[in-house]
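> Need the 3D shape of this:
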Amino acid sequence: NGGWCKKKYEGHPRWENTYYIVETLQNLFRLHNYGCAIEDEGIQKAVNFIFSTQTKEGDFRGAYLNEYAPTYHSLTLEILCHYGLDKDKRIQKGFRWIIRNRQDDGGWVIPYRTIPKEELRKRYNFEAQLKLNPVKSDKSQPFSHLVTGMVLRAFAESSTWGKSKEARKAGELLLSRFFKEDKYDDRREAIFWEEMTYHFWATDILSSLDSLSKIGFNAENKKIQQSVEWLLKKRNSKGYWESNYRKAALEDHLWVTFAVLRIFKRFGLLEL
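As a prediction, the model looks like this:
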């Protein structure tokens, strides 16, 4: 099918697609870092697999069974923009889906997190998983910075949406939550802001500063200044920044260091 799946999943058959989606997105990020391009046959096959997960509504679905997944949807938009597909009509349809599905406060959530937990548990008995329509978000609920940060990364990679008012609003919301707890259970604790990984995946200070530096925020912003100071303190005695991957090797640390220096360069804090 053009995707990757690192191991066979023997549970509920609908969850097997999750493994394919996650592993394919991760490999597309890695291969882009190593210089692969959309012209490569293997990349084209993987991209076609990812496009096969797009629904008529415009969202990329399947990572959470049939639930809306703005997290993986945004990761998909981000990586496909990396490969130069921003102008593709399917990508633009995906961005329009994102715009239509904002919360009232201008941010984003995982929709099924906005309903009562007991109601969510009742939805997911074995049989029901096969036929449920996705939960629609309660738009009166507050935004999740985990989700909003991932959406912002997709905006930041897009030449079409990077300087939009929606991206600017997302950046302001994200800054308001720096080093604070999220409103929902997924990666709720404030400590998750301090993770340092590359390629980017979830929302943390490093990935957030990267996005903000791309869409027009500057280092005069107080929250950005504080975050830059925090980053400087995280540099180790050897002069580089360390990855938080469990089995991180020197290469992982150097990718994180590269990401930090690139952020400093964009903010005008580093001359090379």
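
> wouldn't His32 be in contact with Ile79 here?
Yes. In this structure, His32 is within contact of Ile79 by C-beta atoms under 8 Å, at 6.9 Å. Backbone N, C-alpha and C define where each C-beta goes, glycine included.

> the more surrounded of these two?
Ile79 (25 against 16; other C-beta atoms under 10 Å).

> Now do the same contact list for that one.
25, 28-29, 32, 50 (C-beta atoms under 8 Å, 6 or more residues apart in numbering).

> got any ranges where this protein has weak pLDDT?
Along the chain, the model assigns pLDDT under 70 to residues 6-14, 125-131, 272.

> Tell me how many other residues crowd Ile38.
So Ile38, with other C-beta under 10 Å, has 13 neighbours.

> can you give me the helices in the stretch 151-272 of the chain?
Here the stretch 151-272 of the chain has its helices, by DSSP state H, counting those that start in this stretch, at 165-176, 205-215, 222-234, 250-266.

> Do a quick rundown of the helices in the stretch 1-150 of the chain.
With DSSP H, counting those that start in this stretch applied, the stretch 1-150 of the chain shows helices at 16-33, 41-51, 70-82, 89-100, 117-123, 145-157, listed in chain order.

> want to throw those into TSV with distance to Glu166?
Listed next are the helices of the stretch 1-150 of the chain as TSV, based on distance: least, C-beta to C-beta, whole Å:
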stretch	distance to Glu166
helix 16-33	23
helix 41-51	23
helix 70-82	13
helix 89-100	6
helix 117-123	28
helix 145-157	7
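
> so which of these is the most packed in?
Across the helices of the stretch 1-150 of the chain, the average number of neighbours (mean count of other C-beta atoms under 10 Å) peaks for helix 145-157, which reaches a mean of 27.
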